[in-house]
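> could you look at this predicted model? Sequence included:
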Amino acid sequence: MKEDLIATLNNLIEVCKDGEEAFKSCAENISDTQLKQSFLLFAADCAKADQELRALVIARGGDPETKSSISGTLHRRWIDIKTAIMGKGDEAVLAECERGEDVAVKSYRRALEKDLPLDVKAVVERQYKGVRQNHDAIKNLRDHARTAT
């Protein structure tokens, strides 16, 4: 049980690290300065969530994950390649960021389907709400960018 809980939390730590790095990558590849600031704020939110999850793992005697996932690294490289080939269109960057947030939403949903201790569940539920808010904000920004072009 303890190992499963730590594995679940470490998976979410990877998701947070992936999100933080992806948002930083999106901020680098987007031209709109307001969007850059939004992405940097999203990255900071991911870093904060990561630290909170790391504390839960440590409190339960586990070793917190220290790296992002391979799929997250590949996704960030895809963002870089796609924007290099297609140009740094804000819509393309937003679409890729939304795709990354789709993965985060699914990961948090899977974690919440597990039998988590109440204190952990409260943290994961709160973070899940934040992930959904980020996803919806990015989707709205992407939709706005589509209509603006």
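Cool, got the structure. Everything quoted here is computed from the prediction, not taken from an experiment.
> how far off centre is stretch 2-13?
16 Å (Cα atoms, centre = their mean, to the nearest Å).
> please renumber the chain so that the first residue is 724 from this point on.
Got it, first residue is 724 now, which makes that one stretch 725-736.
> then it to PDB, C-alphas only?
Output of stretch 725-736 as PDB, limited to C-alpha atoms (Å, rounded to 0.1, in the frame of the first residue of the first chain):
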ATOM      1  CA  LYS A 725       2.700   2.500   1.000                       C
ATOM      2  CA  GLU A 726       4.700   1.600  -2.100                       C
ATOM      3  CA  ASP A 727       1.700   2.100  -4.300                       C
ATOM      4  CA  LEU A 728       1.000   5.500  -2.700                       C
ATOM      5  CA  ILE A 729       4.500   6.700  -3.200                       C
ATOM      6  CA  ALA A 730       4.500   5.500  -6.800                       C
ATOM      7  CA  THR A 731       1.300   7.400  -7.400                       C
ATOM      8  CA  LEU A 732       2.700  10.500  -5.800                       C
ATOM      9  CA  ASN A 733       6.000  10.200  -7.800                       C
ATOM     10  CA  ASN A 734       4.000   9.800 -11.000                       C
ATOM     11  CA  LEU A 735       2.300  13.100 -10.200                       C
ATOM     12  CA  ILE A 736       5.700  14.700  -9.400                       C
END
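> and the contacts of that stretch?
The contact list for stretch 725-736, computed with Cβ atoms under 8 Å, 6 or more residues apart in numbering, reads 772-773, 776-777, 779-780, 783-788, 830-831, 834, 837, 839-840, 843, 847, 850. Every C-beta, even on glycine, is put in place using the N, C-alpha and C of the backbone.
> of those, just the buried ones, ChimeraX syntax please.
ChimeraX command restricting these to the buried ones, with burial defined by 16 or more other Cβ atoms under 10 Å:
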select :772,773,776,777,779,780,785,787,788,830,831,834,839,843,847,850
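> what sits against residue 861?
Neighbouring residues of residue 861 by Cβ under 8 Å, 6+ apart: 765, 817, 820, 821, 824.
> CSV for those residues, including distance to residue 731?
Formatted as CSV, the contacts of residue 861 follow (distance: Cβ to Cβ, whole Å):
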residue, distance to residue 731
765, 23
817, 30
820, 25
821, 24
824, 19
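> restricted to helices, list those.
765, 817, 820, 821, 824 (DSSP state H).
> how much space between the residue nearest to the fourth one when sequence neighbours are not counted and residue 828?
Beyond its immediate neighbours in the sequence, the residue positioned closest to residue 821 (Cβ to Cβ, 6 or more residues apart in numbering) is residue 861, lying 4.8 Å away. Using Cβ to Cβ, to the nearest Å, one obtains 11 Å as the distance from residue 861 to residue 828.
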